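J.: Provided below for reference: sequence and predicted model.
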Amino acid sequence: MDIKTETVQKKPEDIRHELQAGYKKAAGNIFISDRQGYWSNLDKDESRRLADISSETGPRAAVRKHYPQFFNVIFSPKRQGGLELLDLSGEESCVDYGCMWGAMTIPLAKRCGYVLGVDQTLDSLRFLSTRLKEEKLDNVDLLCSNLKSLGNFRNKFDVALVNGVLEWIPESGDIELKRYYGQYKPKEYSGPTPGEQQLAFLKTVHRNLNDGGRIYLAIENRFDFKMFLGAKEPHSNLFFVSFLPRKAADWISKIKLGRPFTNWLYSFKGIKKVLEESGFSRVELYMCFPDYRYPERIIPYGGSLKDFTPTISPANDMGRKSYKRFLARIGEFAIFGILRLKFFAPSIIAIGHK
Amino acid sequence: MIELIRNCSHGSEIGTYLVREGALPGRVMKAASTPEGIKNLRREAAGWAWYRKARDGQDGGPACRITKDKNNYLRLEIDFIDGMKADYAAGLEKNAAVIKKMLEHYCDVFPYYADRSSPFHGDFSVDNAIFGPDGIHIIDWEHFDPAGAPWGFDALYLLFETLYFGMRRRAKPSRKEADIISENINFLDAGGRLGRQAKEHPLKFVRSFIAGNPGLWSEQLTAFPGKLPVLAFTDEQTALIDDIVSSGQGNRKI
């Protein structure tokens, strides 16, 4: 299985032309649509403050001083571990959907010719813009827009990154995660099901790729072994909802959170199916351990777990050890190192070819 | 088919990949896009170039090539080395034969310059030696410096790192461990190549050199304090171990 594909690489001038023609230009390299929104781990005031302080003190100093809990989320070099799967030539034009603070945008920009970072949160893009200046990267533009209404880029990109984004696509309205995650916030959803919305988004991603273009999609596995051993589903903070039937998950979520469960995850088979339904002709699957955000090991789904060693650290980012992590490590070794049950791998990376 | 096998481990900022050709491993790829990671990958490339040349009299060994160097991103590829690794965590006694071979290799390959300096590996560990049908290969040259350390530093580091893993929670080495270290230090000092401090207080010498030259390990000692296990010995343990070893007869002291 050779993952490299010959593509007709698109020139960034074409994309910049579309940006200038279709969107309003804000400060620096940021373009704005009339379909903005808000999604961030920080609340709105904090986001604005972070962007303001970053432009004065530099992004690293700002995060380290004011939001140290997000330092690794934003700057850890581990985040980029999966990008080598794309085997980039250095000339590609790429799009990073839901780029947020640029954890993947910046390493991607160093590996390719051009990146368009798209996110609905303007202050996240303002922060990312200061990061780009600090890194002296001039091959990146940023577009503030809702991902579900991005329609001007047909056949424009060689690579599309959808990193930890697909499961959030069905959400609606502004989301300040610290006031939303795992909290009782009644909400009604109308229109298409979460699955239909995710499929529609992936069809847009597919349409925006040129012939031979590729999608890099990273997402938690619906059947992540940890969720069977008592870990909470990472988007809702609820037990069991990822692997239960969708209706049962809805029922639990409505009782606990006052809203249906919309952060649909997929199994290996499920993600392949949805990508194929979106139009991707060939899909390669990879298992990620311990997760796709900070991968220690990425192994082709068809590959071997013969030499598998545990990847879950007994200590968290702050160096604090816990018996839960210790048990997860033992469980990880038993399930993958001994039983070799690939189906339960924690996260999935899928590379789909148009 | 690409497989991530190690990602920024022990405080490094380098991703390590195995590139397979069909079912067979073809080459090892390393990539970095941070200044720290790139600096260490350049050292790695320089280390492989030096190592290849240094062992040219034997077989030259695997090659390392920089395949991408652009826009603050560097990628290199190293020929795959077919062979076995020993278990570093098994300690000194079980790895005695492995250590002996590694030290012989060190003496063969690492030159002894007039000022007692020598090329520096920086992580000369049982875990970084591959034993193949064509002999031993030292890997992971990301701390390489062409004349960065006194001759023997890497070799002594190997002894004490392996001792550390074998001792675990014990306060002092066993008689057998002390004898292994003494014998190997005598072997290294053939012809008086070790300096006086390195011979008389070898563990203190290793720890002092690290403490005085943290820059050789870039930012890794800050990012991951457990990077060099010999730093975990207490001062009392260090004095005791040096006392035992420098006598050359560990069994009498224990």
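T.: Received it, and whenever you're ready, just let me know what you need.
J.: any idea how far the closest residue to chain A within the stretch 101-250 of chain B lies from B:E219?
T.: Nearest to chain A in the stretch 101-250 of chain B, going by Cβ to the nearest Cβ, is B:P225, at a distance of 9.7 Å. No exception for glycine: its C-beta is placed from N, CA and C like everyone else's. Going from B:P225 to B:E219 by Cβ to Cβ, to the nearest Å gives 12 Å.
J.: and the two? Which one has more around it.
T.: B:E219 (17 against 12; other Cβ atoms under 10 Å in any protein chain shown).
J.: can you name the residues that contact that one?
T.: Contacts here follow Cβ atoms under 8 Å, 6 or more residues apart in numbering or on different chains; on that basis B:E219 touches B:11, B:36.
J.: 10 Å instead, please
T.: Counting by Cβ atoms under 10 Å, 6 or more residues apart in numbering or on different chains, B:E219 makes contact with B:11-13, B:34-36, B:39-40.
J.: cool, A:F70 as well?
T.: Shown in contact with A:F70 (Cβ under 10 Å, 6+ apart): A:41-42, A:50, A:63-64, A:101, A:103.
J.: dump these into a markdown table; add distance to A:R320 and secondary structure as well.
T.: Shown next, in a markdown table, are the contacts of A:F70 (distance: Cβ to Cβ, whole Å; DSSP: H, G, I helix; E, B strand; the rest coil):
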| residue | distance to A:R320 | secondary structure |
| --- | --- | --- |
| A:N41 | 20 | coil |
| A:L42 | 23 | coil |
| A:L50 | 25 | helix |
| A:V63 | 20 | helix |
| A:R64 | 19 | helix |
| A:W101 | 24 | coil |
| A:A103 | 23 | coil |
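J.: name the nearest of these relative to B:I130.
T.: Nearest to B:I130 out of those is A:A103 (Cβ to Cβ; 34.1 Å).
J.: how much space separates the residue in the stretch 51-200 of chain B positioned nearest to chain A from A:W101?
T.: In the stretch 51-200 of chain B, the residue that lies nearest chain A is B:Y73 (4.0 Å; Cβ to the nearest Cβ). Distance of B:Y73 to A:W101, given as Cβ to Cβ: 20 Å.
J.: over to A:D141?
T.: 16 Å.
J.: who has more neighbours out of these two?
T.: A:W101 (29 against 24).
J.: grab the nearest non-local neighbour of A:E277.
T.: Nearest non-adjacent residue to A:E277, counting by Cβ to Cβ, 6 or more residues apart in numbering or on different chains: A:L199, 6.1 Å away.
J.: tally of neighbours for that neighbour?
T.: 17.
J.: close to chain A: what parts of chain B are there?
T.: For chain B, the contact set with chain A under Cβ under 10 Å from any Cβ of the partner chain comprises B:1-9, B:12-23, B:29-34, B:36-38, B:68, B:70-75, B:225.
J.: and stretch A:245-255, how far out from the chain's middle?
T.: How far stretch A:245-255 lies from its chain's middle: 24 Å, per Cα atoms, centre = their mean, to the nearest Å.
J.: name the residues of it that are buried.
T.: For stretch A:245-255, burial by neighbour count (16 or more other Cβ atoms under 10 Å in any protein chain shown) applies to A:249-250, A:252-253.
J.: is A:G270 in a helix, a strand, or coil?
T.: Here A:G270 is helix, with the state taken from DSSP: H, G, I helix; E, B strand; the rest coil.
J.: contacts only, for the spatially closest residue to it that is not a sequence neighbour.
T.: The shortest distance from A:G270 to any non-neighbouring residue, by Cβ to Cβ, 6+ apart, is to A:R222 (6.6 Å). A:R222 makes contact with A:167, A:233, A:241-244, A:264-271, A:348, according to Cβ under 10 Å, 6+ apart.
J.: related to what we said a few turns ago, identify the contacts common to B:P225 and B:E219.
T.: B:G11.
J.: ok so A:F31 is a helix residue?
T.: No: assessed with three-state DSSP, A:F31 is strand; it does not lie in a helix.
J.: check the closest residue to chain B within the stretch 251-354 of chain A and give its pLDDT.
T.: Here the residue of the stretch 251-354 of chain A nearest chain B is A:I298; by Cβ to the nearest Cβ that distance is 3.8 Å. We have a pLDDT of 98 for A:I298.
J.: ok so it is a helix residue?
T.: No: read with three-state DSSP, A:I298 is strand and lies in no helix.
J.: distance of it relative to B:S12?
T.: Separation of A:I298 from B:S12 (Cβ to Cβ) stands at 17 Å.
J.: can you give me the strands for the stretch 1-150 of chain B?
T.: Under the criterion DSSP state E, counting those that start in this stretch, the stretch 1-150 of chain B contains strands at B:2-7, B:15-21, B:24-32, B:64-70, B:73-79, B:117-120, B:129-132, B:135-138, B:145-150.
J.: next one: stretch A:337-344 to chain centre, how far?
T.: Remark: stretch A:337-344 is offset 25 Å from the chain centroid, using Cα atoms, centre = their mean.
J.: for that stretch, list every residue counted as buried.
T.: A:342, A:344.
J.: so it, near chain B or not?
T.: No: counting by Cβ under 10 Å from any Cβ, chain B is not contacted by stretch A:337-344; separation bottoms out at 13.6 Å.
J.: can you give me the end-to-end span of that stretch?
T.: Terminal residues of stretch A:337-344 are spaced 12 Å apart (Cα to Cα, to the nearest Å).
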